[in-house]
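Chemist: need a structure here:
(one chain, ligands or ions: 1)
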Amino acid sequence: MAAPKKKPAPAKKTVARPVAKKEAPRKAGAPFVKKEMTVEKPSVAAVPNKKQIQLLRGMKDILPRDQYYWKAVYEKMQNIAEDFGFDRIDTPILEDASLFLRGLGKVTDIVEKEMYVFEDRDADKVTLRPEATASVVRAYLQHGMWNQPQPVKLWYWGPMFRHERPQEGRQRQFWQGGFEILGDSSPVIDAMVIQMTYLLYTEFGVPVTIHINSMGMPEDRTRYKMELVQYYRAHRNETCEQCKARLMKNPMRVLDCKEEGCQPIKANAPQIVDYLSNYSRDHFMKVLEYLDELGIPYFLNHTLVRGLDYYTKTVFEVVTSDEEQGSQTALCGGGRYDLLIEELGGKPTPACCVAPGIERLILQIKKRQLPLPPQRLPKVYVAQLGDLSRRKAMVLFARLRAEGIMADQDFSKGSLKAQLESANAKKIPFAFVIGQKEVQEGTVIMRDMDSGVQETVDFNKAPQILKRKLGLEKAE
Ligand code: AMP
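Modeler: Next up is the predicted model:
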């Protein structure tokens, strides 16, 4: 409705006054505006006096531009898991803190320094999971999965939390996928988990080496630790402070030491393979034989001791060489955990796992510019001119989707030029254009975006005609 015409005010010479001295009375229902406030539309991007809240240190958003990588890695893990007969499991991010205190071992870096532990509002001590194996075991026990035919093969995907010092490839929230096989002691299980892991990397084209070792059973380790401690004591003066501390608390962790000065001592240290029982040694040899048979290359790394207490017998890590930094990057770790289920209250049950870090795999794919499977892209763009044609366009879009044809649109736009530019920019091969004339005639213009050739087709037949054009359906 047009605004009522006001009587033109008589022309008067005036001087603009910045602010009215007296506040005009506020009309009923009008918003209250402070004198010094302006009534300008606030800018969405910058609201004055409001500090923007930033991400916590070590946390990252996964932005739309990266979702392509995440989807590819997720689908690869899912395919491998399904091909090897694994079922998906999702466990909560928040767990009872004692699950990890008992499961991972008190004298581990994760438990001592990195876990997010806090009291919730009921004063229960809870933890943001630092890894998922302990959670999977809890679920296996809690839901009586030990009653099912064994082994139980499970895979997961989700965020983990460790309060570490952030750097490239190291975050405080990071993602892991994982394969877990519970209820089977055969060495073929270890080999299968390694094979699945190997496929995950090599099918993307990431060159990897499997570092493998056996940590034996606790009896083997007791004998080995005595020898190791004796050896390191004899070289006390040549080792770093951290090695001295680790020797007291968790002796095998001295083999993790990266200090330059400790390397010669480490290289000549006693090796655990020489302290394995026949049972543990046979198991290890069998795993290696299976890997040989599968043609999976590995490197026997006698100093590989994984940071968690629950590992028994086979342990492995997948590493890739970082040419830029001339170093090796650990992409994932895994191994056998034959005592964890008992430790968490179950019957003695052998098991094996691996947990690939997702960010580190994506970093490799990006750095090496490896090709990923083609993305699902729209085959047709639906353009419209005005409200009436927009309604028809919405119907056509829904019909195309129901026919399994991926379409794109910008229904909020009015200009045909802008819409066709959008279709061009996205390299969409066809466009359907609906204007007033087409609405009246019950037709739609089908445009080949490459050649610009257009034809008018029946509105109701448009999806089928396009299908034929795209070679998705044969002509009758
Ligand atoms: P772990 O559970 O410690 O055996 O780690 C297995 C894999 O998870 C590592 O090889 C990394 O790929 C990944 N990972 C572990 N910690 C982090 C972290 N803080 N940030 C990013 N990835 C991590």
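Chemist: taking this protein, what residue is nearest to the ligand?
Modeler: residue 357 (2.0 Å; C-beta to the nearest ligand atom). Heads up, the C-betas are built off the backbone N, CA and C, glycines and all.
Chemist: backbone phi and psi for that residue, please?
Modeler: Per-residue torsions, residue 357: phi -80, psi 130 (degrees, to the nearest 10).
Chemist: okay, now it: neighbour count?
Modeler: Neighbour count of residue 357, defined by other C-beta atoms under 10 Å: 22.
Chemist: residue contacts, it?
Modeler: Applying C-beta atoms under 8 Å, 6 or more residues apart in numbering, we find residue 357 in contact with 169, 174-176, 331-332.
Chemist: switch those residues over to a markdown table; also include pLDDT and distance to the ligand.
Modeler: Below are the contacts of residue 357 laid out as a markdown table (pLDDT from 0 to 100; distance: C-beta to the nearest ligand atom, whole Å):
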| residue | pLDDT | distance to the ligand |
| --- | --- | --- |
| 169 | 91 | 6 |
| 174 | 98 | 3 |
| 175 | 98 | 8 |
| 176 | 98 | 5 |
| 331 | 96 | 5 |
| 332 | 96 | 5 |
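Chemist: averaged pLDDT, whichever helix or strand residue 71 is part of. What do you get?
Modeler: According to DSSP states H and E, residue 71 maps onto helix 67-83. Averaged across helix 67-83, pLDDT comes to 98.
Chemist: which helices and strands does the lowest-mean-pLDDT helix or strand in the chain pack with?
Modeler: Using mean pLDDT, DSSP states H and E, the weakest-scoring helix or strand in the chain turns out to be helix 109, at a mean of 83. Of the remaining helices and strands, none touches helix 109 by 3 or more C-beta pairs under 8 Å, 6 or more residues apart in numbering; DSSP states H and E.
Chemist: ok, residue 373 - how many residues close by?
Modeler: Neighbours of residue 373 using other C-beta under 10 Å come to 10.
Chemist: sorry, that was for residue 430
Modeler: So residue 430, with other C-beta under 10 Å, has 20 neighbours.
Chemist: skipping adjacent residues, who's closest to it in space?
Modeler: residue 380 (4.4 Å; C-beta to C-beta, 6 or more residues apart in numbering).
Chemist: list the contacts of the one you found.
Modeler: Contacts of residue 380 by C-beta under 8 Å, 6+ apart are 400, 405-408, 428-432, 466.
Chemist: for the spatially most central residue of the chain, which non-adjacent residue is spatially closest?
Modeler: Central residue of the chain (C-alpha atoms, centre = their mean): residue 175, 4.4 Å from the mean position. In space, and not counting its chain neighbours, residue 175 is closest to residue 358: 4.0 Å by C-beta to C-beta, 6+ apart.
Chemist: what residues does that neighbour make contact with?
Modeler: 70, 73, 157, 174-177.
Chemist: how about residue 349?
Modeler: 146, 182-183, 338, 341-342.
Chemist: what is the neighbour count of residue 444?
Modeler: Considering only other C-beta under 10 Å, residue 444 is surrounded by 30 other residues.
Chemist: cool, and residue 413?
Modeler: Count around residue 413 with other C-beta under 10 Å applied: 15.
Chemist: any idea which helix or strand carries it?
Modeler: Applying DSSP H and E as the criterion places residue 413 outside every helix and strand.
Chemist: stretch 442-458: end-to-end distance?
Modeler: This stretch, stretch 442-458, spans 6 Å end to end (C-alpha to C-alpha, to the nearest Å).
Chemist: for the stretch 301-450 of the chain, which residues are neighbours of the ligand?
Modeler: Residues of the stretch 301-450 of the chain that fall close to the ligand, judged by C-beta under 6 Å from any ligand atom: 307, 330-333, 355, 357, 359-360.
Chemist: lowest-confidence one in the residues you listed?
Modeler: residue 307 (70).
Chemist: looks like it contacts residue 110 (just checking).
Modeler: Yes - using C-beta atoms under 8 Å, residue 307 is in contact with residue 110, at 6.8 Å.
Chemist: among these two, which residue is more densely surrounded?
Modeler: Legend: neighbour count by other C-beta under 10 Å for residue 307 and residue 110, higher for residue 110 (19 against 16).
Chemist: okay, the more buried one and residue 128: tell me how far apart.
Modeler: 12 Å (C-beta to C-beta, to the nearest Å).
Chemist: swap in residue 393?
Modeler: 47 Å.
Chemist: show me which of those two is the more surrounded one.
Modeler: Neighbour tally, residue 393 and residue 128, criterion other C-beta under 10 Å: the higher count belongs to residue 393, 24 against 20.
Chemist: helix/strand/coil for that one?
Modeler: Here residue 393 is helix, with the state taken from DSSP: H, G, I helix; E, B strand; the rest coil.
Chemist: for it, list the residues it contacts.
Modeler: 382-384, 409, 411, 432, 434.
Chemist: how about a cut-off of 7 Å?
Modeler: 382, 384, 409, 411, 434 (C-beta atoms under 7 Å, 6 or more residues apart in numbering).
Chemist: in strands, which of the contacts of residue 357 fall?
Modeler: Counted as lying in strands by DSSP state E, out of these, are 174-176, 331-332.
Chemist: can you redo these as CSV with distance to residue 249?
Modeler: What follows is the ones in strands among the contacts of residue 357, written out as CSV (distance: C-beta to C-beta, whole Å):
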residue, distance to residue 249
174, 26
175, 30
176, 26
331, 28
332, 26
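Chemist: so which of the contacts of residue 380 sit within helices?
Modeler: 400, 466 (DSSP state H).
Chemist: good, we can wrap up now.
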